[in-house]
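Undergrad: Fold the following, please.
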Amino acid sequence: MTEAECGGDYLGDGTSCSNDPCGGSDPTGACCVGTSCSIVTEANCSGAWQGEGTDCSGSPCGGSGGDGDACGDAVAANEGSNAFDTSALSDSGYGDPNETQCEGTYLDWDGTADFWFVWTPGADGTAMFSTCDTNSYDTSMVLYEGTSCSNLSQIACNGDYADSSGCQDFHSQIDGVTISGGQSYYIRIGGWQGATGAGTLTIDADLGQPEQGACCINNQCSYVTEAACSSGNGTYQGDGVPCSPDPCAAPATGACCIADECYIKTEQECTSENGTYQGDDTNCDDDPCGSNSTGACCVNETTHWTCTDNTTQDWCKNALGGVWHLGRSCNENPAPCPTGNDEIAIAWRVTGIDRTALDQSHYSVDVYLETPDAWRLDAVAGNNEQLKTIVSTSAFYQDNGGGPTSKDVNPDFYEFAPDLEWDSRVGIGSVDSSGNPYPINDLNQVGIDWTNFEGGGDLSADNGVWFLVPDDPAGASTSFISQDCSERNGVWIARLTTMDLSSEIMLDALFQGRTDGEVVWQEASGGTITYQGELDCNLNEVPDACDIANGTSEDANGNGIPDECDSGCTGDTDGDGDTDVDDILTIIKNFGNGYDVDDLLAVIEDFGCTG
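TA: Prediction:
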């Protein structure tokens with residue numbers, strides 16, 4: 001209208017009402033219909049309205065590559081491990097991040113394909129975000145906070161974390177982020193100069209909450225705090241102890257014969273009352289305690305079980321000292337007697353003598369759990385009835401670059417820190433973080449205090465476990481050469497270096513796994529390891545005597561030294577091709593452990609030989 005006609009504020013000749021200069025219209029914002037974005041009022045939005053003042057920047061409606069492809073497709077993350085893969089994704093269109101927050105870390109975003117997570121903690125605290133994964137690629141990571149994809153503020157970023165020990169080369173990590181409960185945090189993962197691949201985002205948060213663990217109430221397991229467990233009259237199993245495997249399962253019961261009377265009891269109850277336990281899940285229906293009934297009698301002979309058919313209960317218990325099974329036969333499948341101690345045992349092999357740069361004499365062993373063919377080992381544990389112990393009468397060697405498990409020992413560092421290879425550690429199947437001899441090391445461990453062991457001392461615990469998931473190939477039994485040079489079948493469980501050739505190593509634990517028929521087995525086993533003067537001149541981690549006995553090495557002159565190490569010098573005890581003061585020192589160091597005065601005199605007689 002004309003200025004004369006306007007009864008209000010005239011805004012000037014040629015102005016229009018198209019941009020609502022007078023106010024009063026409904027506010028606008030981004031509206032998502034599928035992955036399409038438009039700016040409309042809330043009333044006119046036929047999809048998901050993103051809020052007043054929001055816009056379409058940052059792809060608030062998601063991209064076209066599926067979950068995680070854009071901010072609007074962000075995948076909800078949890079504490080712990082979260083898998084991602086940018087291989088088939090593209091740049092989310094959110095723009096390159098502000099690299100000034102992480103200068104010098106080689107973020108180098110360069111429009112990389114990226115994956116988005118969103119995480120909302122339940123309480124205030126601090127958090128660490130990491131892409132550490134030995135099978136992943138050179139990642140870059142950016143952290144935002146905000147209420148929606150169109151309202152984000154970048155708070156941190158990282159290209160290459162300073163320490164990639166145990167991770168892939170150049171992983172990303174953001175430490176010590178102060179977080180607020182209920183606030184959403186968006187984690188954007190890309191790659192250095194456009195690199196892509198699969199990986200794992202790990203979120204480790206301290207939310208100021210009390211530690212939790214397994215709590216047993218009426219044979220049921222709940223993962224709660226110790227206080228909550230006590231208030232429910234439960235039995236707390238310890239911080240971090242999981243409910244799987246179930247620590248609260250009711251003990252098995254079976255028929256128990258006390259005199260000629262039959263009762264249903266646990267094996268422990270039956271034994272404490274001087275009864276004869278008939279086996280798990282047996283019952284009293286067929287009078288198993290009658291004096292005239294016959295069955296199989298199982299006798300534990302320490303190294304194995306024997307089975308005797310057609311015995312009465314009285315004869316089995318009192319004459320043979322065995323466990324009686326009514327109506328059973330020794331030829332049944334499954335057998336009535338345990339496969340037991342002759343098949344599950346601790347075995348070992350000396351793999352190195354004085355292999356570190358330390359002046360003190362020491363030896364290293366690889367320890368195995370011997371099992372039947374095609375069986376597997378899933379867990380090594382300790383409980384109230386069977387402590388998990390690893391003890392040396394001297395001390396264990398612990399390298400500063402290693403850790404308590406094989407997952408903590410990175411073989412990429414052996415070139416620069418050769419002593420690391422002989423770090424004392426435990427595991428299942430895989431000797432180091434590379435997974436050797438398997439493609440990957442996925443060992444897990446909970447509830448174990450490693451402090452004393454990592455200080456060179458003993459490990460002794462009645463809880464905690466290190467374990468693999470039941471389909472991990474590293475738990476499968478394979479052949480190995482044992483301390484007596486025989487080829488046996490089992491699973492590697494430890495490499496231990498002890499700081500004296502005369503020291504003994506004792507190892508005991510509760511082991512669990514599966515048979516070749518996928519039946520779960522569980523058995524306690526232990527053993528004592530000593531050094532018997534073994535030498536390894538060719539450094540192949542197998543004693544020379546075993547190399548010769550198994551045909552790996554020749555010994556043409558029969559002097560006990562593999563021909564590849566034999567210089568022709570009869571006094572060359574250390575296999576370096578000559579007879580000198582080092583050979584005398586070898587004899588003195590191992591005196592009484594395979595060497596005596598005659599060996600010393602032979603070295604003196606041959607002194608100066610150069611081959």
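Undergrad: Does Thr306 lie in a helix or a strand, and which?
TA: Assigned by DSSP states H and E, Thr306 belongs to strand 305-312.
Undergrad: Could you list the buried residues of the longest strand belonging to the chain?
TA: Taking DSSP state E as the criterion, the chain has its longest strand at strand 487-498. Neighbour-count burial for strand 487-498 flags Arg488, Asn489, Gly490, Val491, Trp492, Ile493, Ala494, Arg495, Leu496, Thr497, Thr498 (criterion: 16 or more other C-beta atoms under 10 Å). In this view, the C-beta of every residue, glycine as well, is placed from N, C-alpha and C.
Undergrad: cool, stretch 538-557 as well?
TA: Neighbour-count burial for stretch 538-557, counted by 16+ other C-beta under 10 Å, picks out Asn538, Glu541, Val542, Pro543, Asp544, Ala545, Cys546, Asp547, Ile548, Ser553, Asp555.
Undergrad: Repeat that for stretch 247-263.
TA: Buried-residue list, stretch 247-263, by 16+ other C-beta under 10 Å: Pro247, Cys248, Thr253, Gly254, Ala255, Cys256, Cys257, Cys262, Tyr263.
Undergrad: list the contacts for the fourth one?
TA: Contact partners of Gly254, counting by C-beta atoms under 8 Å, 6 or more residues apart in numbering, are Ile264, Lys265, Glu267, Cys270, Tyr277, Gln278, Gly279, Asp280, Asp281, Thr282, Asn283.
Undergrad: Among the residues you listed, which one lies nearest to Gly80?
TA: Using C-beta to C-beta, Asp280 is the member of the contacts of Gly254 that lies nearest Gly80, at 35.7 Å.
Undergrad: From what I see, the closest one and Ala252 are in contact.
TA: Yes. When contacts are counted by C-beta atoms under 8 Å, Asp280 is listed as touching Ala252 (3.9 Å).
Undergrad: any idea of the pLDDT on Leu11?
TA: For Leu11, the model assigns a pLDDT of 69.
Undergrad: typed the wrong thing, it's Gln212
TA: At Gln212, pLDDT is 70.
Undergrad: What's opposite it in the beta bridge?
TA: Note on Gln212: beta-bridge partners Thr225, judged by DSSP bridges.
Undergrad: Sketch out the helices for this protein, chain order is fine.
TA: With DSSP state H, the ranges of helices along the chain come out as 226-231, 267-272, 313-314, 451-454, 544-549, 581-589, 597-605.
Undergrad: ok, and what's touching the second one?
TA: Contacts made with helix 267-272 from outside it, assessed by C-beta under 8 Å, 6+ apart, are listed as Pro251, Ala252, Gly254, Cys256, Ile258, Tyr263, Thr276, Tyr277, Asp280.
Undergrad: Also the last one?
TA: Under the criterion C-beta under 8 Å, 6+ apart, residues Thr570, Gly571, Thr573, Thr579, Asp583, Ile584, Ile587, Ile588, Phe591 lie in contact with helix 597-605.
Undergrad: Could you identify the buried members of those residues?
TA: Thr570, Gly571, Thr573, Thr579, Asp583, Ile584, Ile587.
Undergrad: Check the gap between Tyr10 and Ala4 for me.
TA: With distances taken as C-beta to C-beta, to the nearest Å, Tyr10 is found 9 Å from Ala4.
Undergrad: correction: Leu535
TA: 115 Å.
Undergrad: what about the stretch 501-611 of the chain, any weak spots by pLDDT?
TA: 567, 611 (pLDDT under 70).
Undergrad: strand partners of the strand holding Thr306, parallel vs antiparallel please.
TA: For strand 305-312, the paired strands and their directions (DSSP bridges) read strand 294-300 (antiparallel).
Undergrad: Would you mind listing the buried residues in the partner strand?
TA: So for strand 294-300, counting by 16+ other C-beta under 10 Å, buried means Thr294, Gly295, Ala296, Cys297, Cys298.
Undergrad: tell me which of those is nearest to Tyr223?
TA: Distance to Tyr223 across those (C-beta to C-beta) is lowest for Cys298, with 38.2 Å.
Undergrad: can you redo the buried residues of strand 487-498 as JSON lines with distance to Thr530?
TA: Below are the buried residues of strand 487-498 laid out as JSON lines (distance: C-beta to C-beta, whole Å):
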{"residue": "Arg488", "distance to Thr530": "18"}
{"residue": "Asn489", "distance to Thr530": "23"}
{"residue": "Gly490", "distance to Thr530": "19"}
{"residue": "Val491", "distance to Thr530": "22"}
{"residue": "Trp492", "distance to Thr530": "20"}
{"residue": "Ile493", "distance to Thr530": "18"}
{"residue": "Ala494", "distance to Thr530": "16"}
{"residue": "Arg495", "distance to Thr530": "17"}
{"residue": "Leu496", "distance to Thr530": "12"}
{"residue": "Thr497", "distance to Thr530": "14"}
{"residue": "Thr498", "distance to Thr530": "10"}
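Undergrad: ok so, going back, averaged pLDDT, the strand holding Thr306. What do you get?
TA: Per-residue scores along strand 305-312 average to 79.
Undergrad: what distance separates it from the centre of its chain?
TA: Mean-position distance between strand 305-312 and its chain equals 42 Å (C-alpha atoms, centre = their mean, to the nearest Å).
Undergrad: Next: stretch 269-281.
TA: Centre-to-centre, stretch 269-281 and its host chain are 37 Å apart (C-alpha atoms, centre = their mean).
Undergrad: Pull up the distance across it, start to finish.
TA: 15 Å (C-alpha to C-alpha, to the nearest Å).
Undergrad: Next, the buried residues of it.
TA: Here stretch 269-281 shows Cys270, Gly275, Thr276, Tyr277, Gln278, Gly279 as buried, counting by 16+ other C-beta under 10 Å.
Undergrad: ok so, going back, of the helices of the chain, give the one that comes closest to Tyr531.
TA: Nearest of the helices of the chain (C-beta to C-beta): helix 581-589, 11.1 Å.
Undergrad: follow-up on the earlier one: put together JSON lines for the buried ones among the contacts of helix 597-605, with distance to Thr100 on each row.
TA: Shown next, in JSON lines, are the buried ones among the contacts of helix 597-605 (distance: C-beta to C-beta, whole Å):
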{"residue": "Thr570", "distance to Thr100": "72"}
{"residue": "Gly571", "distance to Thr100": "69"}
{"residue": "Thr573", "distance to Thr100": "64"}
{"residue": "Thr579", "distance to Thr100": "67"}
{"residue": "Asp583", "distance to Thr100": "64"}
{"residue": "Ile584", "distance to Thr100": "65"}
{"residue": "Ile587", "distance to Thr100": "66"}
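Undergrad: from these, which two are the most distant?
TA: Thr570 and Ile584, at 13.7 Å, using C-beta to C-beta across those.
Undergrad: For Asp204, grab the count of nearby residues.
TA: Neighbours of Asp204 under the rule other C-beta atoms under 10 Å: 12.
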